[in-house]
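K.L.:
Take a look and give me a structure for this.
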Amino acid sequence: MNEYRGKAIQDVYPDDFAWCYGCGRLNKNGHHFQTYWQGNETITMYKPEQEHIAVPGFVYGGIIASFIDCHGTGSASLALHRKNGYEPEDGIEPPRFVTASLKVDFIKPTPHNITLKAVGKITEIHPKRWKIDTEVFANNTLCAKGEVVAVVMPKTFK
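P.N.:
This next block holds a predicted model:
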């Protein structure tokens with residue numbers, strides 16, 4: 001797996017919006033997914049815990065869906081932040097996104113006890129929504145594909 005550098009976008013979300021069960025750094029019980037740039041793609045690494053199994057030896061699909069979901073919204077945040085002229089290291093508060101749509105296709109059973117890698121590509125940019133396509137790998141095996149349509153967090157969330 002290639003190395004990534006820099007700060008995760010979730011590291012610079014404001015405290016009021018850093019509680020997501022999937023990617024919130026302040027949720028002590030959450031997964032703490034972290035999304036980074038790797039070239040022009042985004043990457044999130046995660047090793048599921050023992051309790052995240054469907055059947056012995058394989059990861060529960062809901063964890064994969066959550067992984068794709070948070071990777072997608074984090075990717076949208078990274079992309080809009082970059083479009084606005086910033087990187088996570090700049091110390092400028094990034095935009096927050098929420099999921100408008102999540103689609104997951106399970107390609108192969110995902111083995112447990114392996115660090116998973118989500119790789120995302122921004123495939124659509126629209127003033128109101130961003131579309132991110134994600135592939136999830138266990139080692140070099142494609143296990144799942146997903147599509148997230150993310151929208152900028154409404155002001156009503158504040």
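K.L.:
Not counting sequence-adjacent ones, nearest residue to the residue of the chain positioned farthest from its centre?
P.N.:
In the chain, P56 marks the outermost C-alpha relative to the chain mean, sitting 25.2 Å out by C-alpha atoms, centre = their mean. Spatially, and ignoring its direct neighbours in sequence, P56 is nearest to H112 (7.8 Å; C-beta to C-beta, 6 or more residues apart in numbering). (C-beta placed from N, C-alpha, C; glycine too.)
K.L.:
Got phi/psi on the one you found?
P.N.:
phi -90, psi 170 (degrees, to the nearest 10).
K.L.:
Check whether it really touches K47, as I assumed.
P.N.:
No - with contacts counted by C-beta atoms under 8 Å, H112 stays clear of K47, the gap being 9.3 Å.
K.L.:
Would you mind telling me which of those two has the busier surroundings?
P.N.:
The neighbour count for H112 versus K47, taken as other C-beta atoms under 10 Å, is higher for H112 (21 against 11).
K.L.:
Show the pLDDT at the more buried one.
P.N.:
In this prediction, H112 carries a pLDDT score of 95.
K.L.:
List the contacts of it.
P.N.:
Shown here is H112, whose contacts under the criterion C-beta atoms under 8 Å, 6 or more residues apart in numbering are P48, Q50, H52, I53, P56, G57, F58, V59.
K.L.:
now do E41
P.N.:
Counting by C-beta under 8 Å, 6+ apart, E41 has contacts V119, G120, K121.
K.L.:
By neighbour count, which of the residues you listed wins?
P.N.:
Per-residue neighbour counts (other C-beta under 10 Å) across these peak at G120, which has 25 neighbours.
K.L.:
That residue and T134 touch, don't they?
P.N.:
Yes - in this structure G120 lies within contact range of T134 using C-beta under 8 Å: 4.6 Å.
K.L.:
quick one on the thing from earlier: turn the contacts of E41 into a markdown table, including distance to I43, secondary structure and pLDDT.
P.N.:
What follows is the contacts of E41, written out as a markdown table (distance: C-beta to C-beta, whole Å; DSSP: H, G, I helix; E, B strand; the rest coil; pLDDT from 0 to 100):
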| residue | distance to I43 | secondary structure | pLDDT |
| --- | --- | --- | --- |
| V119 | 6 | strand | 98 |
| G120 | 7 | strand | 98 |
| K121 | 11 | strand | 97 |
